[in-house]
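*Asks:* predicted model and sequence below, questions to follow.
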Amino acid sequence: MTLYLDQLPPDESLMFHHVCMRVDDWSGSVPAWPSALSVAIEGGSEALRFLYLDAREFLGHYLEYVWMTPERWNQVGGR
């Protein structure tokens with residue numbers, strides 16, 4: 001996935017790539033996302049939805065928003 005590969009540094013050093021925020025209501029959250037930021041990638045399924053906004057110009061990294069069913073949240077280790 002080029003969203004990740006394009007951001008790798010030329011050496012083995014670490015680099016902060018994105019911060020993730022979980023939302024409770026996917027459709028209700030869409031209007032609240034910053035309109036000045038472009039969508040880098042969006043996808044998911046019935047159990048999980050995700051969206052990356054490109055905030056590199058302002059923050060130096062992407063902003064990820066994710067929604068998932070309670071069952072999926074438990075599967076990935078959520079409480």
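*Replies:* Right, received. Where do you want to start?
*Asks:* let me see the backbone angles for the residue of the chain most remote from its centre.
*Replies:* The C-alpha centroid of the chain is most remote from residue 11, which lies 24.5 Å away (Cα atoms, centre = their mean). As for residue 11, its main-chain torsions (degrees, to the nearest 10) stand at phi -110, psi -160.
*Asks:* next, work out how far apart residue 2 and residue 33 are.
*Replies:* Distance of residue 2 to residue 33, given as Cβ to Cβ, to the nearest Å: 22 Å. For the C-beta atoms, the positions are set from N, CA and C on the backbone; glycine is no exception.
*Asks:* which one's more surrounded, those two?
*Replies:* Higher neighbour count among residue 2 and residue 33: residue 33, with 14 against 8, using other Cβ atoms under 10 Å.
*Asks:* these two touch, right, the more buried one and residue 55?
*Replies:* No - using Cβ atoms under 8 Å, residue 33 is not in contact with residue 55; the gap is 10.6 Å.
*Asks:* shared neighbours of these two, anything?
*Replies:* Counting by Cβ atoms under 8 Å, 6 or more residues apart in numbering, no residue touches both residue 33 and residue 55.
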